[in-house]
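> need a 3D model of the following:
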Amino acid sequence: MKKFEEIKFNIGELKGISAKNIEEHLKLYAGYVKHANLILEKIPEYKGYEKEDSFAPYVVGEMERRFSFEYNGMRNHEIYFESLSGGAKTLPENSQLQKAIEEEWGSYEVWLNHFKAIALTRGIGWAMLYYDRKEKRLLSTWVDEQHLGQLQDCSLILALDMWEHAYVYDYPTSEKKKYVEAFFDNLNWGVVEKKFQEPEF
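Numbering: from 1, shown residues only. Next up is the predicted model:
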């Protein structure tokens, strides 16, 4: 069986996000990769018992449900860590992504304030920027946990992790706004721009 592989990211020293927090966060990402592989490996084993054990289908069903959580956790974190790799880079004013943001929200500043407000939604989840391939437009939204609320047929180009594990070593929950600011201080917009220009199909 083909396995998912853990990506190694080029994350240097960050402003406002400690090496300790990144180190622990990367361990969590590695766990998603491991468990996504483990579930796919175990499902066939349990399927073999379906005729003998009436409980086996429920076990398989629960593993299938859990897979979406582990898989999306893996992929969301890859988008997140990629955007913090290679050093902070600003979004050029004449870039295609900048123009698309202005077309959708009027200005970069309006979108940024809107996105930061999404990130401060109460509860755990993700603030996401998607490219809707069908409508050819950008969409910003909140995604609960990670397997609930992902936008269908859209390419994820920016993901801000708002689970407490993303900032707990640096900020208490009452100060997560500082973490949001730190994320944007360290964001490599070159990575985001590339994902926008080459949306995955």
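
> pull the helix or strand with minimum mean pLDDT from the protein.
Least confident helix or strand of the chain, by mean pLDDT, DSSP states H and E, is helix 56-83 with a mean of 89.

> counting contacts, what elements does the helix or strand just after that one pack onto?
Heading C-terminal from helix 56-83, the first helix or strand you meet, by DSSP states H and E, is helix 96-105. Under the contact criterion of 3 or more Cβ pairs under 8 Å, 6 or more residues apart in numbering; DSSP states H and E, helix 96-105 touches helix 108-119, strand 137-144, helix 189-197. For glycine as for every other residue, the C-beta is placed from the backbone atoms N, C-alpha and C.

> buried residues in helix 96-105?
Residues 97, 98, 100, 101, 105 are the ones in helix 96-105 that count as buried (16 or more other Cβ atoms under 10 Å).

> residues making contact with it?
Helix 96-105 is contacted from outside by 91-92, 107-108, 111, 114, 137-138, 157, 189, 192-193, 196-197, using Cβ atoms under 8 Å, 6 or more residues apart in numbering.

> how does it look with 7 Å?
Contact with helix 96-105 is made by 91, 92, 108, 111, 114, 137, 138, 192, 193, 196, 197, as judged by Cβ atoms under 7 Å, 6 or more residues apart in numbering.

> backbone phi and psi for the second one, please?
Yep, that's residue 92 we're talking about. The phi/psi pair for residue 92 (degrees, to the nearest 10) reads phi -60, psi 140.

> show me the contacts for residue 18.
Residues touching residue 18, when contacts are defined by Cβ under 7 Å, 6+ apart, comprise 169, 170.

> phi, psi of it?
Taking degrees, to the nearest 10, you get phi -80, psi 160 for the backbone angles of residue 18.

> do you know the pLDDT at it?
Looking at residue 18, its pLDDT is 98.

> what about it, distance to residue 120?
From residue 18 across to residue 120, the span is 21 Å (Cβ to Cβ, to the nearest Å).

> before we move on, back to that, make a PyMOL selection of the buried ones in the contacts of helix 96-105.
Applying 16+ other Cβ under 10 Å to the contacts of helix 96-105, the buried members can be selected in PyMOL as follows:
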select buried, resi 91+111+138+192+193+196
